[in-house]
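# Pasting a predicted model and its sequence here:
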Amino acid sequence: MKLDRIDVRILNALQTNGRMTNVELSEMVNLSPGPCLRRVQKLQAECYIEGYSARVNIGKLGQTLTVFTEITLKSHRQFDFARFLTAIEKVDQVIECHLVSGGYDYLVKFVTAGIGEYQTLMEQLIDSEIGIDKYFSFVVLKSPLIKGHLPLASLFQQ
């Protein structure tokens, strides 16, 4: 499926407010409700839309700790990467994991109840023999900017 400018506008609008009605969305993208709904359904069927969720204000829930961790594996065979990912996917406190280029293999984002929980998690991961050679932790002190949407209009100009 090749996206056109209307599809991109639909995606852009929905990532900003996934709870808007089809009528509101159709007005926003200058399309009648029927064709707009069919486009949304096609975008869902083609997996351009993976789902809908609520952004939770974690600061209102209580104190947490966010840590970015650079992880280097001992070996770089396909099996080693697969073993690591299988294990890391099971850790609820891991909310992002990126395979990156440069001086380490993965950049992992943890959100934990505190430094003690984070350290326990890292010790468990090291002890579980999933191939971690070394890791470096970067504790987030403050997050002055977090965007919940992608810049679709500038990425995919039609």
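Sure, I can see it.
# Show me the residue sitting in the middle of this protein in space.
Nearest to the geometric centre of the chain sits Glu96, at 5.6 Å (CA atoms, centre = their mean).
# Over to stretch 52-60 now: how far is its first residue from its last?
One end of stretch 52-60 sits 21 Å from the other (CA to CA, to the nearest Å).
# got the contact list for it?
Residues from elsewhere that reach stretch 52-60 (CB atoms under 8 Å, 6 or more residues apart in numbering): 14, 18-19, 64, 111, 148. The C-beta positions use only the backbone N, C-alpha and C, and glycine is treated the same way.
# how about 7 Å then?
18, 64, 148 (CB atoms under 7 Å, 6 or more residues apart in numbering).
# Then stretch 84-98?
Taking CB under 7 Å, 6+ apart as the rule, stretch 84-98 contacts 73, 106-112, 121, 125, 128, 130-131.
# in terms of contact count, name the helices or strands touching the helix or strand where Leu43 lies.
Following DSSP states H and E, one finds Leu43 within helix 33-45. Contacts defined by 3 or more CB pairs under 7 Å, 6 or more residues apart in numbering; DSSP states H and E place helix 33-45 against helix 5-16, helix 22-28.
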